[in-house]
Structure formats: C-alpha cells, structure tokens
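>>> any chance you can model this:
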Amino acid sequence: MAKEEATNVVENNSSVNTSTEKITVEARNAQEYAKLEQKRKSLVTQYRSERKVPVTISPFYAAYLGRVVRVAVNGIIVDIPADGQTYNINKTHADHVIAKIKRIDAMIARQKRMSDVQNNVEFHPGELHL
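Residues are numbered from 1 along each chain as shown. Predicted coordinates for the structure are as follows:
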C-alpha cells in the first residue's frame, strides 16, 4: 500500500505542475499577444500619418481582384472599391494596389501576345519572345 500511495502522490504532484505550467504558458501567450496587438496599433497610427496617394481602380479589374480590393500590409487591411472612383489611401497600401494592377496588366499583355497566332511565327529557334 505504501508504494501505491507514493505513486498517487507523485501523480498528483505532476498534475499540479502541469496545471501550473499551463497557467504560465497561457499568461506568457497573453503577454506576447498584448505586445503584438500594441505593435499593430502603432502600425495603424504610422500608416494613418503617411502621405495619402490618390488611387483609382477601374471596374475592368473587378473580374480579377473582386468588386472590393482588399490590401493587407503587416496585418493592417484597407478595402478599396473597384468602381472607377478615386480614393486617397496611404502610400504603402497604394504601392501594393498599383503592383497588383501592374501584374494583371502584364498577364493580359502576355495573353494577347500569345493569342496572336498569325504573328507568332519563328524562322529561327529562340527568335520569338513571348
């Protein structure tokens, strides 16, 4: 019986230690979350204080980006409607929107070049650059 009681005491102590560890882990996670949330809030104020840039997204791009273009930078999200109107947004997010539009334009231009079958003729290998 003494061995069983000793085993029970050891098991009880280990369960107490794990519950204490859970509390400290949860407390540590809560502190880390609070720090990250504070950093995010400071980024919000930083982006709000940036220079505003006018951005217009044509309804043409709605087929590629959606009717509302969502741009997320460092967890800060800005939604811009693709309705042809001009909106003033901060420079960081505007750069990302413009980059998206340029990638779509490049994709469309590449599709047009490749679909022009009559002019896509090579007389020498490697001559044609699509």
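>>> in stretch 24-40, what counts as buried?
For stretch 24-40, the neighbour count (16 or more other C-beta atoms under 10 Å) marks no residue as buried. To be clear about C-beta, it is placed using only N, CA and C from the backbone, and glycine gets the same treatment.
>>> lowest-pLDDT helix or strand in the protein?
helix 2-49 (a mean of 73; mean pLDDT, DSSP states H and E).
>>> adjacent strands (with direction) for the next helix or strand along the chain from that one?
Using DSSP states H and E, the helix or strand that follows helix 2-49 in sequence is strand 52-56. Strand 52-56 pairs in its sheet with strand 86-90 (antiparallel), by DSSP bridges.
>>> sort out which residues of the helix or strand just after the strand it pairs with are buried, please.
On the C-terminal side of strand 86-90, the nearest following helix or strand under DSSP H and E is helix 91-115. Residues of helix 91-115 classed as buried: T92, H93, A94, H96, V97, K100, I101 (neighbour count, 16+ other C-beta under 10 Å).
>>> over to stretch 82-89?
A82, Y87, I89.
>>> now do K41 against R28, distance only.
Distance, K41 to R28, using C-beta to C-beta, to the nearest Å: 21 Å.
>>> in CSV: the buried residues of helix 91-115, plus pLDDT and distance to A63.
Output for those, formatted as CSV (pLDDT from 0 to 100; distance: C-beta to C-beta, whole Å):
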residue, pLDDT, distance to A63
T92, 93, 26
H93, 95, 22
A94, 96, 21
H96, 96, 19
V97, 96, 16
K100, 96, 13
I101, 96, 13
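>>> quick check: domain ranges of this protein?
1-49, 52-121 (automatic domain parsing).
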